[in-house]
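Peer 1: return atomic coordinates for the entry below.
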Amino acid sequence: MQLRDFLPKIINGDILGTFQKLDAIESNMEKKEEEIEQLKMDCEHFRARLETAQADCMREKKEKLDLRQQLNEAKQQLLQQAEYCTEMGAAVCTLLWGVSSNEEAVKTLLGGSKAVKFFTITAQTMESFVKSLSEDMKQQDLDSDENQFVLALAGIVTNVAALACGREFLVSSSRELLDTMMHLLGDMKPGFCTKFKVLMLMSLYNVSINLKGLKYISENPGFFPLLWWLLNGCSPWIHESVEFRETMLLIFLIYSWEIAPDPDTEVCLHALRLLQSVILEPEVLSKSASEMRDTLPFQRIIALSKSRNADLQALAKELLEDLKILEYEA
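Peer 2: Okay, here's the model as predicted:
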């Protein structure tokens, strides 16, 4: 009874509050210990994952190094194969170039099932070659397998087009090749790849002996601008108006014709031959007379008629006589 009376006086409200706080703190400590234990478990888990990830990373690095080595080896093999194919193509096409001078051999070639495919690949190869030429074309290796490859292809086309059956085949089944050659002639700079240009011009000239071939070539929208380009050395694809062509012609007259000789004498010669082929065919001339009067660089042809090259001079003079017919076609 006395304890009951004195106990409330000894244990006051503050002490009771303290005990309650102590209980709460102990409860919180237990929770914190549980959380710490959980964090330790999580830490162990993440450490294990990190070790696994590091092992995977090392394995992937090794695989990447192995793949890079394999890629380099594959690139080297591909380069060797490309060099081999180019070398083989140059050798085979050079042999075929010589064989194609035989009429019977050409007939056999055209009679095969792969003839159309061959000339399609020829067009693609020529186009790829021109696209691969560097800006500094003066460094071009004329004796390289690539150069010999496309020269041989162009030579084969020239020999095929020299025969009546070949001309008929090209204009009937390989017009893509004719279009490609005309386009490439306009893409290459003056003074470079001269032999390649000459072979393509000879091919076009041979095709022009066929009336159907001549019509197809002369009706190409870029044909007469191409002749302008080959004779003058200015891009054919930018001359959209007569006024612009006349301005460029005047500038070229003032600064170039009397100062520097044309670096592509053979190109000019064969371009004039191709032009003459058009003029000497009345049916084609009647359709092209107006465009020829607006497009052809007459003053340039006059300048070429005074060339130091006897063949070029003679052909230019002959062409000037032929061009007089345009006065009657007006």
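
Peer 1: residue contacts, Asn206?
Peer 2: 158, 161-162, 166-167 (CB atoms under 8 Å, 6 or more residues apart in numbering). Yep, even glycine has a C-beta here, placed from its N, CA and C like the rest.

Peer 1: gap between the helix or strand harbouring it and the chain center?
Peer 2: In this assignment (DSSP states H and E), Asn206 forms part of helix 194-208. Computed by CA atoms, centre = their mean, to the nearest Å, the chain-centroid distance of helix 194-208 equals 21 Å.

Peer 1: just give me the closest of the contacts of Asn206 to Val198.
Peer 2: For the contacts of Asn206, the minimum distance to Val198 (CB to CB) is 9.1 Å, reached by Thr158.

Peer 1: is it true that the closest one touches Tyr205?
Peer 2: No - with contact defined as CB atoms under 8 Å, Thr158 does not count as touching Tyr205 (9.0 Å).

Peer 1: list the buried residues in the strand or helix carrying Gly155.
Peer 2: In the assignment (DSSP H and E), Gly155 maps to helix 145-161. For helix 145-161, a neighbour-count test (16 or more other CB atoms under 10 Å) marks 145-161 as buried.

Peer 1: list phi and psi for Ser307.
Peer 2: Backbone geometry at Ser307, expressed as degrees, to the nearest 10, gives phi -60, psi 150.

Peer 1: same thing with Pro190?
Peer 2: phi -60, psi 140.

Peer 1: among the contacts of Asn206, which two are most distant?
Peer 2: Greatest spatial distance among the contacts of Asn206 (CB to CB): Thr158 and Arg167, at 11.2 Å.

Peer 1: out of the helices and strands in the chain, which is least certain?
Peer 2: Ranking every helix and strand in the chain by mean pLDDT, DSSP states H and E puts helix 242-252 at the bottom, with a mean of 47.

Peer 1: helix or strand right after that helix?
Peer 2: Counting by DSSP H and E, what follows helix 242-252 is helix 265-279.

Peer 1: the very next helix or strand once past that following helix vs helix 265-279, what angle?
Peer 2: For helix 265-279, the following helix or strand on the C-terminal side (DSSP H and E) is helix 282-295. Here helix 282-295 points in a direction 130 degrees away from that of helix 265-279 (axes from the mean of the first three to the mean of the last three CA atoms, to 10 degrees).

Peer 1: in helix 282-295, what counts as buried?
Peer 2: 284-285, 288-289, 292, 295.

Peer 1: got it, and stretch 64-76?
Peer 2: By neighbour count with 16+ other CB under 10 Å, stretch 64-76 contains no buried residues.
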